[in-house]
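# Predicted coordinates and the sequence they were generated for:
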Amino acid sequence: MRNTQHQPSQQRSCTPYNVESWGNGYFTANEKGHLCVLPEKKEIGPRIDFMEVIKEIQEQGIPFPTVIRFHDILRAQVQLLNITFANTITEHGYQGRFYGVYPIKVNQMREVVEEIIDAGGPFDHGLEAGSKSELLACLAYNDNSNSLTILNGYKDEDYIRLALLGRKLGRKIIIVVESFSEFEMIIRLSKEMQADPLIGIRTKLSVKGRGRWAGSSGDRAKFGLTCSEIVEGVELLQRNGMTNCLKLLHFHVGSQIPDIRIVKEAVTEAGRIYANLAQSGIIIDYFDVGGGLGIDYDGSKSTGDSSRNYTLAEYSADIVSGLQQICDEMNVPHPHIVSESGRYITAHHSCVVTNVINTIHQASNPCKTTVKEDEHVLLGNMRESAEHLKLENCQEIFNDIQQIKEDTIAAFRLGVICLVERAKIETLYWLIINRIDTMLADLDFIPEEMQQIKELKASQYLCNFSVFQSAADTWAISQILPIMPLLRLDEEPSERCSLADITCDSDGKITRFIAKDGYDQSLLLHTLQPDEDYFIGLFLTGAYQDVMGDMHNLFGRLNEVHIYCDDDDPNDFYIEEVIRGTSSQQVLATMQYSPEIMARSIKTQIDLQIKQGTVLPREGVGLIDFYESCLQGYTYLNI
Ligand SMILES: *Cc1c(COP(=O)(O)O)cnc(C)c1O
């Protein structure tokens with residue numbers, strides 16, 4: 001940090017949070033020390049100051065936490081994916097074209113799907129569905145008849161009938177066969193409905209994904225056809241005179257592929273299947289590489305679970321050239337290339353903004369530690385450690401006091417030391433830890449064991465949100481999400497903290513953060529100031545997190561604010577739409593409670609108190625109104 005004084009302040013300030021690595025060029029700090037969005041990724045183009053957005057949200061009376069969606073980022077990512085593939089195809093002289101489809105399970109919000117369809121219009125970007133409900137949405141929202149609609153997932157008769165209905169509307173709907181029995185169903189129902197189906201097959205590749213979604217591929221994967229099933233299936237179609245319906249070959253090795261080698265291997269294996277079929281006269285038009293294009297959540301550019309070791313350009317080049325090589329070698333036509341990237345398109349466009357409402361310091365309320373006669377030896381030892389502490393013996397003392405602290409707890413349980421003695425020991429313990437921490441600050445080298453001091457000392461910042469609702473994957477699969485303050489980025493942060501949410505669950509906290517070289521259990525934030533709201537953002541929540549949230553403690557969906565960039569506006573943006581989050585009564589209703597019955601019950605109980613004279617009538621009416629207004633209110637803290 002010390003050698004960066006000559007750099008402009010915004011450079012220094014964003015560094016602890018690694019924005020440059022995970023932000024994909026969309027985020028920067030301005031001269032006020034506020035985080036800004038660059039919807040066009042250009043320093044000179046429009047920039048949207050987060051604190052201006054927050055001011056407007058507050059003026060509209062929308063409480064935090066709030067999801068903020070930047071529609072321009074969503075559009076930019078759709079364009080980036082399509083343009084990159086199109087350029088790669090031109091550069092390589094590849095003969096097919098690129099078709100993107102967006103798998104709506106990644107973020108099913110109507111506004112998100114509509115925006116992708118709209119931005120993807122010029123590229124014929126389509127949709128992918130994995131269930132009947134998703135298909136219902138795709139049929140209604142993707143009306144570009146040049147784009148593809150791809151149907152994955154297990155299917156029943158209604159699913160296939162709906163797909164064939166889509167064919168009658170003149171849409172390119174491709175039913176991807178995931179299990180062999182679906183062939184028979186498609187053949188039978190298309191005859192029955194006199195529709196002309198487009199059929200795809202999902203291959204079960206032997207290449208195994210790596211990372212968290214490895215189970216999506218490999219011999220024991222849940223989905224896909226083995227080589228013998230593909231051969232059988234093609235024969236079945238031939239017997240029914242339907243080989244010309246076979247249009248697409250699909251694979252999906254898993255989401256968030258960390259290592260580009262997996263992509264190459266999968267393309268090679270599936271490419272061989274395609275080329276073999278083509279040589280035998282079955283020409284398939286579309287080669288579908290599924291999803292898996294990763295996001296560098298931690299900015300490490302590595303094969304770690306929250307990162308990836310390739311760029312979009314490399315990903316597209318490896319797919320295009322890998323497939324081209326096989327096709328040319330085996331003398332078969334180049335198929336169109338389809339990608340089902342979802343995470344890549346949506347992750348960056350949304351973030352969760354919340355306010356820090358309190359700090360829990362380890363040693364915030366010390367007690368008096370005056371000496372008393374015949375105090376317990378553990379207390380005496382702790383006192384002595386404090387008196388003898390100096391730089392030379394600080395490691396020894398650190399070890400000693402850890403032991404004393406453990407012994408104290410055991411002794412307290414046995415009733416050997418009393419509450420006041422334990423309190424004094426704790427106070428002295430934190431006093432020593434703080435002094436050691438100050439001493440270490442001047443050292444160049446800090447022994448590994450002493451590194452824990454930093455974590456021991458970390459405060460907890462209590463934030464108005466629920467990890468389970470807004471960042472489910474940080475809890476469920478230790479996904480890393482970038483987290484940073486939205487203001488004071490021109491000040492050096494000095495407070496080590498972890499983040500706790502407002503659920504009553506001890507798991508409701510975030511204790512893994514991106515650090516410059518790996519992960520840290522704490523994050524550097526600024527010391528809270530009494531007269532200032534301190535806002536932090538959880539970033540890259542647009543893929544999966546947005547829609548997976550669960551209602552732990554009955555905290556519901558968040559308020560949402562949709563932002564569009566507008567160069568003519570003094571602040572470069574306008575709020576296009578506000579969607580109110582779930583109210584308490586809505587959350588309760590989904591769990592089968594009846595808010596009407598609840599309100600009536602409270603009214604009956606209060607009426608009884610009024611009759612007995614314990615509550616005045618006017619006061620009673622006020623209490624009933626208050627209960628009802630809370631039912632209608634937001635589920636998060638009202639501060
Ligand atoms: C989930 C899924 C996707 C999306 O994967 P991303 O990694 O989010 O791009 C694509 N295709 C299929 C079949 C899926 O199940």
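Happy to help now that I have it.

# contacts, neighbours, all on C-alpha from now
Noted.

# So which helix or strand of this protein has the lowest pLDDT on average?
Least confident helix or strand, the chain: helix 9-14 with a mean of 49, by mean pLDDT, DSSP states H and E.

# Give me the most central residue, this structure.
T541 (3.5 Å; C-alpha atoms, centre = their mean).

# Make sure that one is actually in contact with C351.
Yes - the pair T541 and C351 passes the contact test of C-alpha atoms under 8 Å, sitting 5.4 Å apart.

# where does the stretch 201-350 of the chain come near the ligand, residue by residue?
Residues of the stretch 201-350 of the chain found near the ligand (C-alpha under 6 Å from any ligand atom) are 252, 255-256, 290-293, 340-343.

# how about a cut-off of 8 Å?
When proximity is defined as C-alpha under 8 Å from any ligand atom, the stretch 201-350 of the chain approaches the ligand at 251-252, 254-257, 290-294, 339-345.

# out of these, which are inside strands?
S339 (DSSP state E).

# State the next helix or strand along the chain beyond the longest strand along the chain.
Criterion DSSP E: the longest strand present in the chain is strand 350-360. The helix or strand immediately downstream of strand 350-360 is helix 377-388, counting by DSSP states H and E.

# what's the angle from the helix or strand that contains I409 to helix 377-388?
Assigned by DSSP H and E, I409 belongs to helix 394-413. Regarding helix 394-413 and helix 377-388, their directions subtend 160 degrees when assessed with axes from the mean of the first three to the mean of the last three C-alpha atoms, to 10 degrees.

# Give me the residues contacting helix 394-413.
378, 381-382, 385, 389, 417-419, 422, 425-426, 429, 433, 436, 450 (C-alpha atoms under 8 Å, 6 or more residues apart in numbering).

# if you set the cut-off to 10 Å instead, what comes out?
376-379, 381-386, 388-391, 414-419, 421-422, 425-426, 428-430, 432-433, 435-437, 439-440, 447, 449-450, 453 (C-alpha atoms under 10 Å, 6 or more residues apart in numbering).

# In CSV, please show the C-alpha coordinates belonging to it.
This file holds the C-alpha atoms of helix 394-413, laid out as CSV (Å, rounded to 0.1, in the frame of the first residue of the first chain):
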residue,chain,number,x,y,z
CYS,A,394,5.0,-11.5,22.1
GLN,A,395,4.7,-14.8,20.4
GLU,A,396,5.3,-16.7,23.7
ILE,A,397,2.7,-14.5,25.4
PHE,A,398,0.3,-15.0,22.6
ASN,A,399,0.6,-18.8,23.1
ASP,A,400,0.3,-18.5,26.9
ILE,A,401,-2.9,-16.4,26.8
GLN,A,402,-4.6,-18.8,24.3
GLN,A,403,-4.1,-21.5,26.9
ILE,A,404,-5.3,-19.4,29.8
LYS,A,405,-8.4,-18.5,27.8
GLU,A,406,-9.2,-22.1,27.2
ASP,A,407,-8.5,-23.2,30.8
THR,A,408,-10.7,-20.3,32.0
ILE,A,409,-13.7,-21.6,30.1
ALA,A,410,-13.2,-25.1,31.5
ALA,A,411,-12.7,-23.7,35.0
PHE,A,412,-15.9,-21.6,34.6
ARG,A,413,-17.9,-24.6,33.6
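
# got the buried residues for that helix?
Neighbour counts over helix 394-413 (16 or more other C-alpha atoms under 10 Å) mark 394, 397-398, 401, 404-405, 408 as buried.

# So R202 is in contact with N152, correct?
Yes - in terms of C-alpha atoms under 10 Å, R202 counts as a neighbour of N152; the distance is 8.5 Å.

# joint contacts of those two?
175-178, 223-224, 250.

# Phi, psi for T203 please.
With angles defined as degrees, to the nearest 10, T203 sits at phi -90, psi 150.

# thought it was touching V267?
No - judged on C-alpha under 10 Å, T203 makes no contact with V267 at a distance of 11.5 Å.

# Name the residues contacting each of these two.
By C-alpha under 10 Å, 6+ apart, the residues touching both T203 and V267 are 251, 273.

# Show me this protein divided up by domain.
The chain breaks down into these structural domains: 88-348, 585-632 (assignment by the TED database).
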